[in-house]
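Engineer: Show me the folded form of this:
(chains A and B)
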Amino acid sequence: MFGKKNGGKKDDKNKKPQTKEELAESYEKMMQDDVYHIFGKEFHEELRNKARLDFQKVINENAMFLQQDLRLTTSEINEYLKKEVSGKLQEEFAAYQQSIRDVQSAAVESINKTVIEAQQQQAALNEQIKKEVDAQKAQIIAHFEENMAEIVSHYVVKTVGQQIDLKDQLPFIIREMEAQKEDMKRDMYL
Amino acid sequence: MSKAVHLNNEVQFLLPPSLLGRPDVSRLLREVEAVDYELETQAIREPNKPLAIPNMSKALVETAQVNKVDVADINSRKQLIAQLRAIKEKAPVIHITFAVDPDPAISAYMAAWIRQNLHPTALVTVGLQPRIVGGCVVRTPDHIYDFSLRKQFLDQKQQLVAEIKAVVGA
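Structural biologist: Numbers count the residues shown, from 1 in each chain, chains lettered A, B, ... in the order given. Have a look, this model is predicted:
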């Protein structure tokens, strides 16, 4: 387009301006060459296209920036969330472990206490049983001792009661009576 | 004629060993009274004839012998009756309990010993108690003297228990 109007400078005209300064310079040069050119439809269309391209470019750049920001933000959010969740989880786990340890400790303490009480009760029970057994044993022995003479007497009567000759006992009887003779004599004269 | 029939302690009346308790004395007293009645009757009916002594029991014969009593003499008989009545009413009674029923010889022996050592006219009654095992229990008017084997067992109970404990190892 510009090349058609500036045939002598074909290479410059075919060369597409790259920067704003180059573009402004090219427009300024065009105005100097042909001032009416800027009122033409082609120029308007060219500007429109140029603006559309610039706008498209800006949009694309912004979209790219936005996308980058979005990715960065997402990444940061992910990182933050990860960190927060991990921290929270760590805290919760720590609290959970602490509560488990507390419960475990309480359970162990309770079990130990129960074991100690059971041992004490067992000891007391053993002591009581021992006392009762000893008392019963002593009672049986006392009863046995108390009735020993009766048992022996009964045994002797059953065994040899009818075979003991009274005549054989006379010396013993007389000896015993001789020992008590004076007392018995006194009784007879009361 | 004997002068033994007195309880005034000048000459002591003696009971024969075969005469034990009050029933024996009562029986003897009845017999003596019967003999006395018989002889008195004879003397009244036929005063000039010698008296025919009726048959007497062994106890009466022994009593007459040990006390040298002439049964034919009325005074002696009256004194004998009086002595027997006094004994029946006043003589002390001693009760002897044996584990087995003693034969008469044992009872007589015990009665003789008692009358010789304790009281000359003591009456003896005999009882039976198998629980005493052996020996005897003598009950005087004031005391009970336990000479039984059971008492010996009771007295030796501690020793018996000690020996049993020694054997058991308690």
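
Engineer: contacts and neighbour counts: CA atoms only from here.
Structural biologist: Noted.

Engineer: Report pLDDT for residue 64.
Structural biologist: No chain specified, so I'll use chain A. We have a pLDDT of 89 for A:Met64.

Engineer: The intended chain is chain B.
Structural biologist: 92.

Engineer: And for B:Ile164?
Structural biologist: 77.

Engineer: Now it: which helix or strand?
Structural biologist: Assigned by DSSP states H and E, B:Ile164 belongs to helix B:157-168.

Engineer: Show me what that helix is packed against.
Structural biologist: Secondary-structure packing of helix B:157-168 (3 or more CA pairs under 8 Å, 6 or more residues apart in numbering or on different chains; DSSP states H and E): helix A:41-146, helix A:148-160.

Engineer: tilt between that helix and helix A:41-146?
Structural biologist: 130 degrees (axes from the mean of the first three to the mean of the last three CA atoms, to 10 degrees).

Engineer: Report the distance from helix B:157-168 to the chain centre.
Structural biologist: 43 Å (CA atoms, centre = their mean, to the nearest Å).

Engineer: residues making contact with stretch A:125-145?
Structural biologist: B:157-158, B:161 (CA atoms under 8 Å, 6 or more residues apart in numbering or on different chains).

Engineer: among those, which ones are buried?
Structural biologist: B:157, B:161 (16 or more other CA atoms under 10 Å in any protein chain shown).

Engineer: which non-adjacent residue is nearest B:Glu40?
Structural biologist: B:Ile74 (7.8 Å; CA to CA, 6 or more residues apart in numbering or on different chains).

Engineer: what about the one you found, neighbour count?
Structural biologist: If you count neighbours by other CA atoms under 10 Å in any protein chain shown, B:Ile74 ends up with 15.

Engineer: Surely it touches B:Tyr37?
Structural biologist: No. Judged on CA atoms under 8 Å, B:Ile74 makes no contact with B:Tyr37 at a distance of 10.0 Å.

Engineer: and chain B, what are its domains?
Structural biologist: B:22-90, B:93-157 (automatic domain parsing).

Engineer: Can you mark which positions in stretch A:144-160 are buried?
Structural biologist: In stretch A:144-160, counting by 16+ other CA under 10 Å, buried: A:145, A:148-150, A:152-154, A:156-157.

Engineer: Work out for me the element B:His95 sits within.
Structural biologist: Going by DSSP H and E, B:His95 is part of strand B:93-98.

Engineer: All set, thanks.
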